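K.L.:
I'd like to go over a predicted model; first the sequence, then the structure.
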Amino acid sequence: MQHILVTGGAGFIGSHTVDQLVAKGYKVRVLDALQERVHPHGWPVYLPDSVEKIQGDVRNREDWLNALDGIDGVIHLAAYQDYMPDFSTFHHVNTVGATLLYELIVEHKLPIKKIVLASSQATYGEGKYRCSEHGTVYPDSRPDAQLAKAQWAVRCPHCDAELEHLPITEDVVNPHTTYGISKYAVEMTSFSLGRKYDIPTTNMRYSIVQGPRNSFFNAYSGICRIFTLRVLHDQPPVCYEDGQALRDYVYVGDVARANVLCLEDERANFRAFNVAGQKGTTGLEYAHLVSNAAGKDIQPLVNGDYRFGDTRHTVSSGEALQQLGWRPETSLEQTIGEYIEWVKEQPNLKDFYGEIEGKMRAANIIRRSNS
């Protein structure tokens, strides 16, 4: 493979993947919708000059065909993600866009040798837990009535005992959100069509990806953006629930390496991989890391707020991908430090989250417990 198309290549994970491909000598083309809420200033300056840029929508047949001309492999990262309740958009962009890619390859007999697609840790829902009596269980989302009482623990669906969380492996999925469902639909569709029409396919289940170039402008940009902007404005980071929920975070450059590895390695064909961080970290721990990296002494705020639909503990196992030779090399401390330095270079350090938070409260996504 010589000529690679990266959809969503102007974005966060996409642009770092482009950098990896260019460094390895690939000819790269980018297809990106340049959605205004993510790219309000058009094409970002960090894309290498050698990259061919096409503005287009993955829901549009002609945009796909234009972008696929002369292409050997595709890394399909274009996606819609947000916390706002525009549920149908997840399927229109994520599921339909990926399905249309396979449809056009088959219809036009395009010589695509490999497709790597962005899936998500969200396919696991609440994840994997252990009950002392019933063994391994995969519980449903915690009910809002429980969260409203500030009862944060995940409980066994059989005996109501408090559960112990386990690292999530690739064998069982149980998506709870529309975003997670749309991503698992992409997996099922791409694997089915890929096997049927002999198009080698890999799906990447990213944990929470962090690092420079993560957009300021949408609600889904994540904890590092939110905490950093608040700390730089001398405001306390707000930790949801009791601040003890666990997540694993992975550096965007490590994710880009994983994407290229799975593009090149036939052992990855027709498999889904966790792209996991080094360890689980609580919200309170993360808040202190950000404050320390920013040179501030600001204590996080825990006020009983929670996001409706959030999981409690979500930490993936990266063992399967590590067997192909990949490791998450960059520590969370280094990741946060790099992000803060990048943020300080940006021309507008407005606390965008204040406006977004108001919209999320109005949509009843952020709620207050009765604690």
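P.N.:
Alright, I've got the coordinates.
K.L.:
and Arg155, how far is that from Cys131?
P.N.:
According to CB to CB, to the nearest Å, Arg155 stands 9 Å off from Cys131. C-beta here means a position set from N, CA and C on the backbone, and glycine is covered the same way.
K.L.:
Show me the common contact partners of these two, please.
P.N.:
161, 163 (CB atoms under 8 Å, 6 or more residues apart in numbering).
K.L.:
elements contacting the helix or strand hosting Ile75?
P.N.:
According to DSSP states H and E, Ile75 maps onto strand 73-76. Contact partners of strand 73-76 among helices and strands, from 3 or more CB pairs under 8 Å, 6 or more residues apart in numbering; DSSP states H and E: strand 3-7, helix 12-23, helix 96-108, strand 114-120, helix 252-264.
K.L.:
Quick one: the helices in this protein, in order.
P.N.:
12-23, 61-68, 87-90, 96-108, 144-148, 178-196, 223-232, 252-264, 283-293, 319-322, 332-344, 352-362 (DSSP state H).
K.L.:
which parts of stretch 205-219 are buried?
P.N.:
For stretch 205-219, a neighbour-count test (16 or more other CB atoms under 10 Å) marks 205-216, 218-219 as buried.
K.L.:
send the alpha carbons of that stretch over as PDB?
P.N.:
Extracted C-alpha coordinates of stretch 205-219, given in PDB (Å, rounded to 0.1, in the frame of the first residue of the first chain):
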ATOM      1  CA  ARG A 205     -11.800   0.500  20.300                       C
ATOM      2  CA  TYR A 206     -10.100   3.600  21.600                       C
ATOM      3  CA  SER A 207     -10.100   4.400  25.300                       C
ATOM      4  CA  ILE A 208     -10.200   8.100  26.200                       C
ATOM      5  CA  VAL A 209      -7.700   9.700  23.900                       C
ATOM      6  CA  GLN A 210      -5.800  12.800  25.100                       C
ATOM      7  CA  GLY A 211      -3.200  15.200  23.800                       C
ATOM      8  CA  PRO A 212      -2.600  18.300  21.600                       C
ATOM      9  CA  ARG A 213      -5.100  19.400  18.900                       C
ATOM     10  CA  ASN A 214      -8.100  18.200  20.900                       C
ATOM     11  CA  SER A 215     -10.800  20.700  19.800                       C
ATOM     12  CA  PHE A 216     -12.000  23.300  22.400                       C
ATOM     13  CA  PHE A 217     -15.300  23.700  20.700                       C
ATOM     14  CA  ASN A 218     -17.500  20.600  21.400                       C
ATOM     15  CA  ALA A 219     -18.800  19.000  24.600                       C
END
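K.L.:
neighbouring contacts of the strand holding Ile75?
P.N.:
With CB under 8 Å, 6+ apart, strand 73-76 has contacts from 1, 3-8, 14, 17, 21, 58, 68, 97-98, 101, 112-118, 259, 263.
K.L.:
hmm, back to that, if we compare the helices and strands packed on strand 73-76, which one ends up closest to Asp160?
P.N.:
Ranking the helices and strands packed on strand 73-76 by their distance to Asp160 (criterion: CB to CB) puts strand 114-120 first, at 29.4 Å.
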